[in-house]
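Enquirer: need a structure here:
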Amino acid sequence: MTLRAFRVGVVGARKARQGVGEHLARFLHTAGARVVAVAGTTAATAAAAAAALAPHGIEATSHHDVAAMVRGEALDALVIASPAVTHEACLRLALEAGLHVLCEKPLLPPDERAVEAGSRLLDDFAAAGLLLAVNTQWRHAIGPYMLLHPDVAPRAARSFEMRLAPGSGGLEMIPDALPHPLAILDHLFPADRPGLRDLDVRFASPREAVLTFTHPGGASGVRATVRLATCEHPPRPASFGFDGRLAHRVITEPGYRLALRSDPPDAREVALPDPMEAVVRRFVERVRKDGPFPAEPGVRAGLVHLRDAVVAAARVAPGRVPG
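Expert: As a prediction, this is how the structure comes out:
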């Protein structure tokens, strides 16, 4: 596949609420792919998405119907950055059209059928020779973390902690944010039998939650703590670390320069190449290598782990109606 032939359509390219579609489109463009079409929920939102991409040198045709875009444009790949409730229909359209997919997390809404439906989609994409990747970018920050904390061996860690600030609150925080720490853990600590142990979810308020669990990977499991606190406007704070050694993401403007910073007293910093851009570059590179594209075990395990966490959180989420 030549760069000229690698044509991509984006579903949900407008930067609304927490939307990342515009960022993904921009990173695809800089990685050498051609973003030729965008789809929105209405003609107006689709046109607005296309107009927002124009200053980045992207000339995209707007569509207010995803199926019409997929069937009417000569695409090689589809980026799905729309809300999770739309993902399955978009994934099936892409599969029928023979398109590679980069999908925003979570792959599917974590309801009772997500594990079975998601696993089937992973198998179907692999059988068709198509790449299905999920945008869980924080695993690409592990390398810079090791530069910041060279005395920490993440794959040998006994504990893990991550702090995130999703734009949502209440139960919605879990599927919004938890795929990030789960992707790190599922990448570093593959498990033969997925399933979180000793899972506990506590809400201090509708805007704050703490999840603790033991991830089944590694020699004897990894004890994990995930702290979520709603932050409605970017930049949103984020930190992660192993065995008590945290790294905090810092953003410097102008230029949106990212770095990881250690705790005082040393408070050292190392540069952090944008993890989302790393996801996009890897997606482009893998598609251009033309396969094979086996289903990634970490994505499959993540379906199970996210479902377990959402089920546990639903029992204690603020505002839940008993019964």
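Enquirer: Which residue comes closest to D65 once chain neighbours are left out?
Expert: Residue nearest to D65 in three dimensions, not counting chain neighbours: A39, with 6.9 Å by C-beta to C-beta, 6 or more residues apart in numbering. From N, CA and C alone the C-beta is placed, and that goes for glycine too.
Enquirer: ugh, typo on my part, it should be L122
Expert: With C-beta to C-beta, 6+ apart as the criterion, L122 has its nearest non-adjacent residue at 3.8 Å, and that residue is A295.
Enquirer: now P179
Expert: Excluding the flanking residues, the one nearest P179 by C-beta to C-beta, 6+ apart is K105, at 3.9 Å.
Enquirer: Next: G57.
Expert: Closest residue to G57 apart from its sequence neighbours, by C-beta to C-beta, 6+ apart: H29 at 6.5 Å.
Enquirer: any idea which element L260 lies in?
Expert: strand 257-261 (DSSP states H and E).
Enquirer: Contacts for the longest helix along the chain, please.
Expert: In the chain, taking DSSP state H as the definition, the longest helix is helix 297-316. Counting by C-beta atoms under 8 Å, 6 or more residues apart in numbering, helix 297-316 makes contact with 106-108, 110-112, 114-115, 118-119, 122, 132, 134, 136, 171, 174-175, 178-179, 182-183, 186-187, 190-191, 194-196, 199-203, 209, 211, 213, 215, 320, all of which sit outside it.
Enquirer: and these, which are buried?
Expert: Using 16 or more other C-beta atoms under 10 Å as the burial test, the contacts of helix 297-316 include 106-108, 110, 114-115, 118, 122, 132, 134, 136, 171, 174-175, 178-179, 182-183, 186-187, 191, 194, 196, 199, 201, 203, 209, 211, 213, 215 as buried.
Enquirer: Give me the subset of those that lies in helices.
Expert: Using DSSP H, A114, V115, G118, L122, I174, P175, P179, L182, A183, D186, H187 are the members of the buried ones among the contacts of helix 297-316 that sit in helices.
Enquirer: ok so, going back, for the longest helix of the chain, what does the pLDDT average out to?
Expert: Averaged across helix 297-316, pLDDT comes to 94.
Enquirer: Over to stretch 119-135?
Expert: In this model, stretch 119-135 carries a mean pLDDT of 97.
Enquirer: could you dump that stretch to CSV, C-alpha only?
Expert: The C-alpha trace of stretch 119-135 is given here as CSV (Å, rounded to 0.1, in the frame of the first residue of the first chain):
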residue,chain,number,x,y,z
SER,A,119,-14.5,-10.9,20.9
ARG,A,120,-16.5,-11.9,17.8
LEU,A,121,-15.5,-8.7,16.1
LEU,A,122,-11.9,-9.1,17.0
ASP,A,123,-12.0,-12.6,15.5
ASP,A,124,-13.9,-11.5,12.4
PHE,A,125,-11.4,-8.7,11.7
ALA,A,126,-8.5,-11.0,12.1
ALA,A,127,-10.0,-13.6,9.8
ALA,A,128,-10.6,-11.0,7.2
GLY,A,129,-7.0,-9.9,7.3
LEU,A,130,-7.9,-6.5,8.8
LEU,A,131,-6.4,-4.5,11.6
LEU,A,132,-8.7,-3.5,14.5
ALA,A,133,-6.8,-1.3,17.0
VAL,A,134,-8.1,0.6,20.0
ASN,A,135,-7.0,4.1,21.0
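Enquirer: List the buried residues in that stretch.
Expert: Buried-residue list, stretch 119-135, by 16+ other C-beta under 10 Å: L121, L122, F125, A126, L130, L131, L132, A133, V134, N135.
Enquirer: Sounds good, over and out.
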